[in-house]
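Student: next come a sequence and a model predicted from it.
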Amino acid sequence: MEEPKEDLIRKRIIEAASKQFLDYGYKKVTMDEIAEVLGMSKKTLYQFFPSKYELFNAIADEKICTINNYINHTIESQEMNFIEKVHAIIKCVSNEHHQMRPTALLDIQKSVPEIWKKIMDIQKENISTKFTQLMEIGKQQGYIRTDIPSEIITTVYSSAILTMLNPEVYNALNKTPSECFQYAVKIIYEGILTDKGLEELEL
C-alpha cells in the first residue's frame with residue numbers, strides 16, 4: 001500500500017531540511033533556501049511547516065524516534081547475541097553522529113536550546129533504560145562482569161556518553177561527535193566486559 005502523497009512530501013521536506021541543518025546549523029538555514037533545495041514553492045513548504053522552528057522540531061522528533069525504534073528492535077532481537085547487539089547499536093549511533101558537523105551542532109545548541117534540551121533529556125532517559133536492559137542481557141550471556149552493579153555501569157556510561165556528545169566538549173578535543181562516541185564506548189566496554197566479551201568484541 002502506497003503512502004499518502006502528503007506523507008511522502010512531508011518526508012521529503014524533513015530529509016532535505018535535515019541535511020541543511022546538520023551541515024550549516026540552525027541560524028544560517030532559511031525556509032527560502034530549504035524551498036529552493038526542494039524545488040518547491042515557499043507557500044507549499046509553509047503549508048506543511050508554518051515556521052523553521054516547527055520544521056526543526058519535527059526533524060528532531062523524527063531522528064529520536066528512528067534511533068529509538070532501531071535500538072528497541074535490536075535489544076529485543078532473538079537472533080543476535082549481546083556482542084552482535086552492541087555492534088549494531090554502536091554502528092547505528094556512530095552513523096547518525098558521523099553526519100553531524102560540530103560547528104552546526106554547536107549553533108543548534110545555542111540557537112534552539114529548548115529543543116536541544118529535549119533531545120538530551122530523551123537521550124539520557126533512553127540510555128538509562130535501554131542500556132540497563134542491554135547490560136542484563138550481557139550478564140546473562142556471560143559477556144558482562146557481574147561484580148559491578150548494572151545501575152553503576154549505566155550511570156557511568158550515560159554520564160560519559162552525554163558529556164562526549166556535547167558540542168563544546170568535542171570541539172575542545174578537536175574530534176568529531178562520532179570519534180568521541182566511539183572512544184567513550186571503547187573505554188567503557190573494555191572495563192566492563194568479561195574475558196569472553198573482550199575476545200569477541202572488536203571496537
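Tutor: Nice, thanks for sending it over.
Student: which stretches of the chain have low pLDDT?
Tutor: Confidence mapping of the chain against pLDDT under 70 gives the ranges 1-3, 202-203.
Student: report all helices and strands that the top helix by length along it contacts.
Tutor: Longest helix in the chain by number of residues (criterion: DSSP state H): helix 113-140. Here helix 113-140 touches helix 52-76, helix 82-98, helix 102-111, helix 150-164, going by 3 or more CB pairs under 8 Å, 6 or more residues apart in numbering; DSSP states H and E. Using the backbone N, CA and C atoms, a C-beta is placed for each residue, glycine as well.
Student: could you report the neighbour count for P149?
Tutor: P149 is flanked by 10 other residues according to other CB atoms under 10 Å.
Student: and if you look at the one 4 residues further on?
Tutor: Applying other CB under 10 Å, we find 21 residues neighbouring I153.
Student: hmm, I192 and it touching each other?
Tutor: Yes - if you go by CB atoms under 8 Å, I153 and I192 touch, sitting 5.6 Å apart.
Student: would CSV of the helices and strands packed on helix 113-140 with distance to G39 be doable?
Tutor: Below are those laid out as CSV (distance: least, CB to CB, whole Å):
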stretch, distance to G39
helix 52-76, 17
helix 82-98, 27
helix 102-111, 23
helix 150-164, 38
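Student: figure out which of the ones you listed is closest to T129.
Tutor: helix 150-164 (8.8 Å; CB to CB).
Student: next one: the next helix-or-strand element following that closest one to chain centre, how far?
Tutor: Per DSSP states H and E, helix 150-164 leads on to helix 167-173 as the next helix or strand towards the C-terminus. Distance, stretch centre to chain centre, for helix 167-173: 17 Å (CA atoms, centre = their mean, to the nearest Å).
Student: show me what helix 167-173 is packed up against.
Tutor: By 3+ CB pairs under 8 Å, 6+ apart, helix 167-173 packs against helix 102-111, helix 177-192.
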